[in-house]
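Student: sequence isn't available, so here's the structure alone:
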């Protein structure tokens, strides 16, 4: 038996009004520590100003990405996660690839070699890992932003069979939504053709407490932007993507990807 630990430093780029990314991700990874105590996780954040989820403020926030990445480079994290899904998806299909590459370039310019994940790219990869081709989605966004998210997902080859917009424009108000409400909201969706359910297509809308209960009730795999981001973080760290009670994506029972980690 050994008391040695592997410390994994995780850099987070978050909107200034985000209260959930730095809550749900640590909760998941600290829960993992109880099963795998040899791995410990430490979090370091850089924030970008954004108060309201509007196209104008999202563009303004995106303009701060390089500065945030440079700040994190100084901490030499093992992985960096960018945490505003709609800010990336609102820029047009496939933009997560550009955003991740830009962050990686800023890190490399300072000698930091951390891989980069985004919640937008992670959600697509989480859906793919589940083998889902048709999904239903819950978002906190206004309907026009939800439509952009749906278009982005469908451009990646996944059909969105139904989507529910909760229409909460203030980002702090999104963080204050009770995740217990999602145990009711999902029932407003038509899931008859769905292979999986995205319970929160937003890392700001709290959903972790509802993921497993809704998955058990719906009989479908349930994921969120936060659980998908955690899945990708663990993959990039070379660790088994397993978190207890966080849905099938993090169950540790999925096939290992080709050339897997």
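Tutor: It's in. Just so we're clear, the structure is a prediction, and the values are computed from it rather than from any experiment.
Student: buried residues of the lowest-mean-pLDDT helix or strand in the chain, list them for me.
Tutor: Across the helices and strands of the chain, mean pLDDT, DSSP states H and E gives its lowest value to helix 55-62, namely a mean of 71. Applying a neighbour-count criterion of 16 or more other CB atoms under 10 Å, one finds 57-58, 61-62 buried in helix 55-62. Backbone N, C-alpha and C define where each C-beta goes, glycine included.
Student: reformat those as CSV; add distance to residue 234.
Tutor: Output for the buried residues of helix 55-62, formatted as CSV (distance: CB to CB, whole Å):
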residue, distance to residue 234
57, 31
58, 28
61, 26
62, 26
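Student: determine which two of these are furthest apart.
Tutor: Taking CB to CB as the measure, these span a maximum distance of 9.8 Å, between 57 and 62.
Student: any residues in contact with both of these two?
Tutor: Common neighbours of residue 57 and residue 62 are not found (criterion: CB atoms under 8 Å, 6 or more residues apart in numbering).
Student: following the least confident helix or strand of the chain, which helix or strand comes up?
Tutor: The helix or strand immediately downstream of helix 55-62 is helix 65-73, counting by DSSP states H and E.
Student: got the angle for that next one vs helix 55-62?
Tutor: Per axes from the mean of the first three to the mean of the last three CA atoms, to 10 degrees, the angle that helix 65-73 makes with helix 55-62 is 40 degrees.
Student: what is helix 65-73 packed up against?
Tutor: strand 6-15, strand 39-48, strand 79-82, helix 95-109 (3 or more CB pairs under 8 Å, 6 or more residues apart in numbering; DSSP states H and E).
Student: nearest to residue 250, out of these?
Tutor: Residue 250 sits nearest to strand 39-48 of all those, at 14.1 Å, using CB to CB.
Student: what mean pLDDT does the closest one get?
Tutor: Summarised as a single mean, pLDDT over strand 39-48 is 92.
Student: run me through the strand neighbours of it, direction for each.
Tutor: strand 6-15 (parallel) (DSSP bridges).
Student: buried residues of stretch 26-36, list them for me.
Tutor: 26-29, 31-32.
Student: the strands in the stretch 51-200 of the chain, which residues?
Tutor: Residue ranges of the strands in the stretch 51-200 of the chain, as given by DSSP state E, counting those that start in this stretch, are 79-82, 116-118, 134-139, 159-165, 196-200.
Student: quick one: strands adjacent to the longest one?
Tutor: Just to be clear, that refers to strand 159-165. Assessed with DSSP bridges, strand 159-165 is paired to strand 134-139 (parallel).
Student: number of nearby residues for residue 193?
Tutor: Per other CB atoms under 10 Å, the neighbour tally for residue 193 reads 12.
Student: the nearest residue to residue 185 once chain neighbours are set aside and residue 200, how far apart?
Tutor: Of all residues not flanking residue 185 in the chain, residue 138 sits nearest, at 5.8 Å (CB to CB, 6 or more residues apart in numbering). Shown here: residue 138 relative to residue 200, a distance of 6 Å by CB to CB, to the nearest Å.
Student: who has more neighbours out of the two?
Tutor: Shown here are residue 138 and residue 200; by other CB under 10 Å, residue 200 has more neighbours (32 against 27).
Student: got the strands of the stretch 51-200 of the chain as a markdown table, with distance to residue 206 and mean pLDDT columns?
Tutor: A markdown table is the format used below for the strands of the stretch 51-200 of the chain (distance: least, CB to CB, whole Å; pLDDT from 0 to 100):
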| stretch | distance to residue 206 | mean pLDDT |
| --- | --- | --- |
| strand 79-82 | 17 | 96 |
| strand 116-118 | 20 | 96 |
| strand 134-139 | 12 | 98 |
| strand 159-165 | 16 | 98 |
| strand 196-200 | 8 | 97 |
